[in-house]
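Visitor: Predicted model follows, preceded by the sequence.
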Amino acid sequence: MQSVTITPMPEFCPDAKIGTSLSTRWNNWQSDFEMYITASGITDSKRKRALLLYQAGPRVREIFKQIPETGTDTDYDIAKQNLKAYFDPQKNRRYEVYRFRQTTQEHNETLDQFHTRLRTMSETCEFADVEFEIEEQIIIGGNSSKIRKRALRDPTFDLKSMLLEGRRDEQSKYQAQQIESKEQTDDEANKLEQKPSINGSISNSSNVICRNCGRAYPHTGACPAKGKTCNNCGKPNHFAAVCRGKQKQTRSPRYPNKKHAQRNLKTLDTGSNSSSDEDYSYTMTNTKHNNKVNVKVGGAKFQTTIDSGATINVIDRDTFNKMQDRKINSHEHESFRV
């Protein structure tokens, strides 16, 4: 017959875990020891008694020596009863009931696990109706608001129904989390596949934009921007469309101060200024580059600046009045009255 090796039991320490029930811990250890000797195939009372005292540890053997009438070496049952009688007075029923009432369901604990823990604790409380007390503690200390409301609404909602309802809720919650986590993983994968590039377009492994020219990368040859000068910042090897420098100001700022307006604006100059309003100070020219020519429009002669770069042209009222009775042809040869 093949022998089976059983791992020895841990020693029992009666001095550990102050504040817990010594009686409960000894009864649990004794119950484990009964399973241990059954699994080991030990039936002889003398061997069972010796193994009990040996596995219990030196502290228990010291206590056992102080107990009178422990019987002979073959009296296993007497030794077991004497140790139980020694540890049982250490039990405080009021304290055990208090611990039971303070027990709540842990965050990651299932309802079945919570129920098992409550049933184990109830053994030392000596309740008259264990089922009712466990039901009450599940209602008070459980995590499920749904079960709590159902139990308060339906007096026939017993412990068996609570456990069944709890299993269904936990299973459906787990399944929903699996589905939602799968959807979230798919969304994150899609975001990784489509990441916005510097200029805001969507790029992936097969559509990369060159940072210098703004075209698809890699290039079949040299970058089109190589050797070119940016029209925005003046630096080489990139185009203005993808320039990361500060954009040039396309419009001249409006200054309320007349002095600043004279220094920064180029406008049409007619040679006279009939208005005394300071708002017309924009008709001043830049004296550094006085590129003026005489032009004739519809028979009216006046002076203007060539390619001033201004977004609009300004004329004074006198010139405008001279052009009232004349026709001016546009470049599309359509006549219109001014």
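Guide: It's in.
Visitor: Helices of the stretch 1-150 of the chain, residue ranges please.
Guide: Defined through DSSP state H, counting those that start in this stretch, the helices belonging to the stretch 1-150 of the chain, from first to last, are 22-40, 45-56, 58-65, 76-87, 93-102, 111-122, 130-141, 145-153.
Visitor: Now mean neighbour count too, for those helices, in a markdown table please.
Guide: Using the backbone N, CA and C atoms, a C-beta is placed for each residue, glycine as well. Compiled in a markdown table, those are given as follows (neighbours: other Cβ atoms under 10 Å):
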| stretch | mean neighbour count |
| --- | --- |
| helix 22-40 | 16 |
| helix 45-56 | 18 |
| helix 58-65 | 14 |
| helix 76-87 | 17 |
| helix 93-102 | 14 |
| helix 111-122 | 17 |
| helix 130-141 | 17 |
| helix 145-153 | 13 |
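Visitor: among those helices, which is nearest K292?
Guide: Minimum separation from K292 across those (Cβ to Cβ) falls at helix 145-153, 87.0 Å.
Visitor: Between helix 111-122 and that closest one, find me the angle.
Guide: Using axes from the mean of the first three to the mean of the last three Cα atoms, to 10 degrees, the direction of helix 145-153 lies 60 degrees away from that of helix 111-122.
Visitor: Could you measure from the closest residue to I6 other than its chain neighbours over to T5?
Guide: In space, and not counting its chain neighbours, I6 is closest to S40: 5.0 Å by Cβ to Cβ, 6 or more residues apart in numbering. According to Cβ to Cβ, to the nearest Å, S40 and T5 sit 9 Å apart.
Visitor: So for those two, which residues contact both of them?
Guide: Common neighbours of S40 and T5 are not found (criterion: Cβ atoms under 8 Å, 6 or more residues apart in numbering).
Visitor: Check the gap between T110 and N28 for me.
Guide: Distance, T110 to N28, by Cβ to Cβ: 22 Å.
Visitor: With G41 instead?
Guide: Taken as Cβ to Cβ, the spacing of G41 relative to N28 amounts to 23 Å.
Visitor: P10 too?
Guide: With distances taken as Cβ to Cβ, P10 is found 12 Å from N28.
Visitor: My reading is that V208 is in a strand; is that accurate?
Guide: Yes. V208: assigned to a strand according to DSSP: H, G, I helix; E, B strand; the rest coil.
Visitor: the strands in this protein, which residues?
Guide: Per DSSP state E, the chain has strands spanning 195-196, 202-203, 208-209, 216-217, 292-297, 300-305, 327-329, 335-337. These are given in chain order.
Visitor: quick one: average pLDDT of the first one?
Guide: I take that to be strand 195-196. Strand 195-196 comes out with an average pLDDT of 54.
Visitor: Likewise for stretch 91-98?
Guide: Mean predicted confidence for stretch 91-98 is 85.
Visitor: neighbouring contacts of it?
Guide: By Cβ under 8 Å, 6+ apart, the residues outside stretch 91-98 that reach it are S21, L22, S23, T24, M121, T124, C125, E126.
Visitor: check contacts around the fifth one.
Guide: Counting by Cβ under 8 Å, 6+ apart, M121 touches E96, R99, F100, T103.
Visitor: what's the pLDDT at A310?
Guide: 62.
Visitor: next one: G271
Guide: For G271, the pLDDT comes out at 46.
Visitor: for R167, same thing?
Guide: In this prediction, R167 carries a pLDDT score of 94.
Visitor: wait, it sits on L111?
Guide: Yes. Using Cβ atoms under 8 Å, R167 is in contact with L111, at 7.1 Å.
Visitor: Domain-wise, how is the protein divided?
Guide: Domains of the chain are assigned by the TED database as 22-88, 93-175, 214-244.
Visitor: now the ones you listed in CSV, with distance to K292?
Guide: Below are the domains of the chain laid out as CSV (distance: least, Cβ to Cβ, whole Å):
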stretch, distance to K292
domain 22-88, 109
domain 93-175, 84
domain 214-244, 27
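Visitor: Poorly predicted segments of the stretch 51-200 of the chain, please.
Guide: Applying pLDDT under 70 to the stretch 51-200 of the chain flags the ranges 89-90, 183-200.
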